[in-house]
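**Student:** coordinates only, no sequence provided:
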DNA sequence: GAGTGGTCTAGACCACTTC
DNA sequence: AAGTGGTCTAGACCACTCC
């Protein structure tokens, strides 16, 4: 692992700036006198460590610092990221109205066939795609939602236009490999390590009104959560 | 990816029970008429997806279901896991008193050189090693801690013996590759995807009294957090 | 001691990006 | 059109597990 250690120390010492493109695999193979298969194995290891990332068929790049993100906070994604001096971008990939599947109806607590809005968004930090999200909301609770500008905070939009106040959120997260569609969207090889995050949002009447599913680049995020001990202590 | 899809459907349909050992790589290579390098590539992909896991030099096994874990809850690890019908185990790997390093003193808010207890524990679920944790506590606040039985809830121990009540916890998590020592301890290949979780625990006086660092097998955990919206809404 | 996984070499072809 | 990453073949040796 001489190869890995070489680059790891270069990156950690800051000699290689975030975003820097590494030399082609074949060049690395020559320079270090190791086989290209071995080079790729070492690069994948460094990818898993979050030191470097790749853009499919474009090459390997030094990873930028992770962004801190508190999924339980009431601050919006954009707000939270820009307070860290980073620039976010949001792209609407698609928006549509569908009839609730069995699966969706269970999670949202509605009838099968009820109208549901689905919005797919891509979010970037400093120009790099870091997450894709699929948002499901009950159309009945916010008619015409799709006609509003959707590249901003959904929370704000739903509060201002439809009087829906977030009351509680149930979040699940797990490390996983990125499935085909999110991977393609993020410009990443299918099977790259990632983070899956789902979020069920309940309104002031404790009704599930929104269900989000996010796939993150695993090296983009540092999740931080602050928890106050509840009165009932074990 | 015929190979991957074959096993993925077997596992997802439940035909291959958790814990089942897969055939040797060379046998798979023969059976599917693909090169062993390709077999290993597919297996690594399935490992990243959480479908299978490996024990170093022992082989590949079907992953058991993830355990749900709420790092913000006040329930103990054992309590939370056993309520899911799973059996936990805890092994003390080491316990010692050290002088606080610069790094530790900053995080714990004490002087460099102050006495600190360090406890390393290994935790298992249904017999499988799923996480290693390193616990740092201020020795001054709980003298003689190391002489108590340490294979149970630290929270309970510190409350009962030293009157220390957890008041707030600051948690950070990120997907990463397992470094050498945790990997070895978990019987996992260095560089395997994992989850890093750190926890700073503050007592009733808002003083940091404990600092934990955990490395999880990435396929073992499903993190769930419930968040109530705070009065101050953005 | 046999078998297995971990690591490595030396090629090859294709799909895609870049020019 | 050239170069690059993604995928694949066909071997090899070592360290370790298992019997």
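**Tutor:** Yes, it's here. Owing to the predicted nature of the structure, the values given are computational and were not obtained by experimental measurement.
**Student:** any idea which helix or strand comes after the helix or strand containing residue A:132?
**Tutor:** For residue A:132, the element it lies in under DSSP states H and E is strand A:128-138. Next along the chain after strand A:128-138, taking DSSP H and E as the criterion, comes helix A:154-162.
**Student:** can you give the domain ranges for chain A?
**Tutor:** In the domain annotation for chain A, the residue ranges read A:2-62, A:67-223 (automatic domain parsing).
**Student:** reformat those as TSV; add distance to DNA strand D.
**Tutor:** Every residue, glycine included, has its C-beta placed from N, CA and C. Formatted as TSV, the entries for these read as follows, by distance: least, C-beta to the nearest atom of the strand, whole Å:
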stretch	distance to DNA strand D
domain A:2-62	3
domain A:67-223	5
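**Student:** any idea which of the ones you listed is most buried?
**Tutor:** When the domains of chain A are scored by mean count of other C-beta atoms under 10 Å in any protein chain shown, the highest mean neighbour count falls to domain A:67-223 (a mean of 18).
**Student:** quick one: terminal-to-terminal distance for that one?
**Tutor:** Using C-alpha to C-alpha, to the nearest Å, the gap from the first to the last residue of domain A:67-223 comes to 8 Å.
**Student:** residue in chain A nearest to DNA strand C?
**Tutor:** The nearest approach of chain A to DNA strand C comes at residue A:35, 3.0 Å away (C-beta to the nearest atom of the strand).
**Student:** leaving out sequence neighbours, find the closest residue to that residue.
**Tutor:** Closest residue to residue A:35 apart from its sequence neighbours, by C-beta to C-beta, 6 or more residues apart in numbering or on different chains: residue A:29 at 6.4 Å.
**Student:** quickly note the distance from that neighbour to residue A:40.
**Tutor:** When C-beta to C-beta, to the nearest Å is applied, the distance between residue A:29 and residue A:40 equals 9 Å.
**Student:** show me the contacts for the residue nearest to residue A:35.
**Tutor:** Applying C-beta atoms under 8 Å, 6 or more residues apart in numbering or on different chains to residue A:29 gives the contacts A:35, A:36, A:38, A:39.
**Student:** try 7 Å
**Tutor:** Going by C-beta atoms under 7 Å, 6 or more residues apart in numbering or on different chains, residue A:29 touches A:35, A:36, A:39.
**Student:** hmm, which helix or strand of chain A has the shakiest average pLDDT?
**Tutor:** helix A:154-162 (a mean of 87; mean pLDDT, DSSP states H and E).
**Student:** the closest residue to residue A:227 other than its chain neighbours: which element?
**Tutor:** Once its chain neighbours are removed from consideration, residue A:227 has its nearest residue in residue B:72; the separation is 3.4 Å (C-beta to C-beta, 6+ apart). Counting by DSSP H and E, residue B:72 is held by no secondary-structure element, helix or strand.
**Student:** and the residue of chain A closest to DNA strand C, what pLDDT?
**Tutor:** Residue A:35 carries a pLDDT score of 95 in this model.
**Student:** other SSEs contacting the helix or strand just after the least confident helix or strand of chain A?
**Tutor:** Tracing the chain past helix A:154-162, the next element assigned as helix or strand by DSSP H and E is strand A:168-177. With contacts defined as 3 or more C-beta pairs under 7 Å, 6 or more residues apart in numbering or on different chains; DSSP states H and E, the packing partners of strand A:168-177 are strand A:193-202, helix B:36-49, strand B:221-228.
**Student:** show me what the longest one packs onto, helices and strands only.
**Tutor:** When contacts are defined as 3+ C-beta pairs under 7 Å, 6+ apart, helix B:36-49 sits against strand A:168-177, helix B:2-12, helix B:25-31, strand B:52-55.
**Student:** right, so of those, which gets closest to residue A:56?
**Tutor:** When those are compared for distance to residue A:56 using C-beta to C-beta, the nearest one is strand A:168-177, at 14.6 Å.
**Student:** most remote residue from chain A's center?
**Tutor:** For chain A, the largest distance from the centre (C-alpha atoms, centre = their mean) belongs to residue A:33, which lies 37.1 Å off.
**Student:** helix/strand/coil for that one?
**Tutor:** When states are read from DSSP: H, G, I helix; E, B strand; the rest coil, the local structure at residue A:33 comes out as coil.
**Student:** which residues touch it?
**Tutor:** With contacts defined as C-beta under 7 Å, 6+ apart, residue A:33 has no neighbours.
**Student:** residue A:145 too?
**Tutor:** Taking C-beta under 7 Å, 6+ apart as the test, what residue A:145 contacts is A:117, A:137.
**Student:** cool, thanks, signing off.
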